[in-house]
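Enquirer: Below are the sequence and a predicted model for it; my questions follow.
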Amino acid sequence: MQTLATSADLEAALAAGVALVFKNSMTCPISAAARREMQALLSRRPDAPLYVLDVHHGARLSHDVVRRTSIAHESPQVILFAGGEPVWHASHYSIRVADIERALDELEREASSVEGQA
């Protein structure tokens with residue numbers, strides 16, 4: 001898990017190919033539940049490309065994400081990026097490790113399918 005603190009951090013994460021951006025508040029009980037889901041994800045997939053954005057300390061960066069994606073800001077929120085583009089997102093109590101894993105698995109299947117066609 002890496003912290004996003006600057007626009008350069010965000011650009012580097014999105015350039016990595018696949019990135020899960022987790023926007024959360026350290027003072028929100030719903031965010032605490034979402035953090036538990038993200039910890040569960042990391043325990044099952046320690047190599048998950050997870051980037052954390054604290055919406056209080058990184059308010060400007062959080063708004064940059066909105067501008068890039070046109071996905072309304074929510075907290076907590078998870079946005080899955082592939083090739084720098086958003087492909088899946090969830091917020092609040094819809095943030096569940098099983099759903100995130102399904103979205104990651106789908107991306108892997110799509111990438112394998114494209115590679116198999118090449």
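Expert: Perfect, thanks for sending it.
Enquirer: For my notes, confirm residue 88 occurs in a strand.
Expert: Yes. According to DSSP: H, G, I helix; E, B strand; the rest coil, residue 88 belongs to a strand.
Enquirer: mind checking how far residue 54 is from residue 70?
Expert: For residue 54, the distance to residue 70 (C-beta to C-beta, to the nearest Å) stands at 22 Å. All C-beta spots, glycine's among them, are computed from the backbone N, C-alpha and C.
Enquirer: of those two, who's got more company?
Expert: residue 54 (20 against 7; other C-beta atoms under 10 Å).
Enquirer: residues contacting the more buried one?
Expert: Residue 54 makes contact with 3, 24, 25, 26, according to C-beta atoms under 8 Å, 6 or more residues apart in numbering.
Enquirer: Contacts made by whichever strand or helix holds residue 106 with the rest, please.
Expert: Element membership of residue 106, judged by DSSP states H and E, is helix 97-117. For helix 97-117, the external contacting residues (C-beta under 8 Å, 6+ apart) are 18, 20, 37-38, 40-41, 44-45, 48, 78, 80, 82, 87-88, 90.
Enquirer: Would you mark the buried spots in it?
Expert: 97, 100, 103, 104, 107 (16 or more other C-beta atoms under 10 Å).
Enquirer: Need the pLDDT of the fourth one.
Expert: In other words, residue 104. According to the prediction, residue 104 has pLDDT 96.
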